[in-house]
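Novice: Show me how the following folds:
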Amino acid sequence: MPRFAANLSMLWPELDVYERFHAAAEAGFSRVEILFVHVLDRERIARLVKDLGLELVLFDPAPGDWEAGERGTGCIPGRQDEFAVAVRDALQTAQRFGTHRLNALVGIQPPGVSDLEAQTTLVHNLRELAGPAQEADVMLLVENINTVDMPGYFVSTAERAAEIVNAVDRPNVRLQLDQYHVGMMGGDARDMLRRYGDLVEHTQIADVPGRHEPGTGQQPIHEFLAELDARGYAGSVGLEYRPSAATDAALAWLPRDRRG
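Specialist: This is a model prediction of the structure:
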């Protein structure tokens, strides 16, 4: 089975975010992921990761003004400098944590900006930052995010994410394949894996509908995991789902001996 990473932005929601690191370790995980660390005490996180023997496999650079509805700035013309500052800051933090993957949120396509303009801006930004990321031993990832949960998100499908990665054409700019977002757009993540598996560096799962743990919806998640296993996938599978009950119960589908 693939290696799993507990998503600390969603699991154990009743706990303080720093306590979730302890909860993940106690639940048998050696890998964790989280959305944003720029708003947290990074020194404290670095200590937690070290003391608990955890690997923080993925986090996201600052996405702009999240409270105002921004979801990244990578595809927005005129905000290239802001995107670069966020990624460069995240690269420094990643080196402190020993993290080797960043999910570079690309943003919502602004009104009046064509697909070509948005894509050209995004490809340019990722090419410019691929070099600094490589020096930091970090992969920059492009994730597909559905337009039900995030209306207007520019990279809403795995097809477009793969198109961006191929256009950037840098060895450390790769695809983050989110099975839940594929399902929310009416697709099958197994098909996306067959088509774009060579580009995939990180994956995430949640059932549809509801974004809860596997078995609560209609997605063939166990079959998707079997496909990853058959391919010899060496990356992590992020458990980026909202527990339908207590987190321990929502992890019961995954035996403890397969979590580490």
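
Novice: Please identify which helix or strand holds Gly217.
Specialist: Here Gly217 sits in a region with no helix or strand, counting by DSSP states H and E.

Novice: was I right about it contacting Val208?
Specialist: Yes. Using CB atoms under 8 Å, Gly217 is in contact with Val208, at 4.8 Å. From N, CA and C alone the C-beta is placed, and that goes for glycine too.

Novice: what's the neighbour count on the residue lying closest to Leu251 once chain neighbours are set aside?
Specialist: Closest residue to Leu251 apart from its sequence neighbours, by CB to CB, 6 or more residues apart in numbering: Ala27 at 6.3 Å. Close neighbours of Ala27, defined as other CB atoms under 10 Å, add up to 17.

Novice: Can you tell me how far the residue lying closest to Val113 once chain neighbours are set aside is from Gly107?
Specialist: Nearest residue to Val113, sequence neighbours excluded (CB to CB, 6+ apart): Pro77, at 6.2 Å. Plainly put, Pro77 is 11 Å away from Gly107 if you go by CB to CB, to the nearest Å.

Novice: Wait, His202 touches Glu240, no?
Specialist: No. In this structure, His202 is not within contact of Glu240 by CB under 8 Å, at 10.5 Å.

Novice: In terms of neighbours, single out the busier of Pro77 and Gly107.
Specialist: Regarding Pro77 and Gly107, a neighbour count based on other CB under 10 Å identifies Gly107 as having more, with 25 against 15.

Novice: list the contacts for that one?
Specialist: Counting by CB atoms under 8 Å, 6 or more residues apart in numbering, Gly107 touches 63-64, 70-76, 153-154.

Novice: For it, which non-adjacent residue is closest in space?
Specialist: Per CB to CB, 6+ apart, closest to Gly107 is Gly72, 3.7 Å.

Novice: so how far is Pro61 from that neighbour?
Specialist: The value you get for Gly72 to Pro61, if CB to CB is used, is 8 Å.

Novice: Overlap in contacts, the two.
Specialist: Counting by CB under 8 Å, 6+ apart, the residues touching both Gly72 and Pro61 are 104-105.

Novice: need the contact list for the residue most central in space within the chain.
Specialist: Centrality entry for the chain: nearest residue to the mean C-alpha point is Asn103, 5.1 Å, by CA atoms, centre = their mean. Going by CB under 8 Å, 6+ apart, Asn103 touches 58-61, 141, 143, 176, 202.

Novice: hmm, try it at 10 Å
Specialist: Asn103 makes contacts with 33, 35, 58-61, 63, 72, 90, 139-143, 145, 176, 178, 202, 204, 238, as judged by CB atoms under 10 Å, 6 or more residues apart in numbering.
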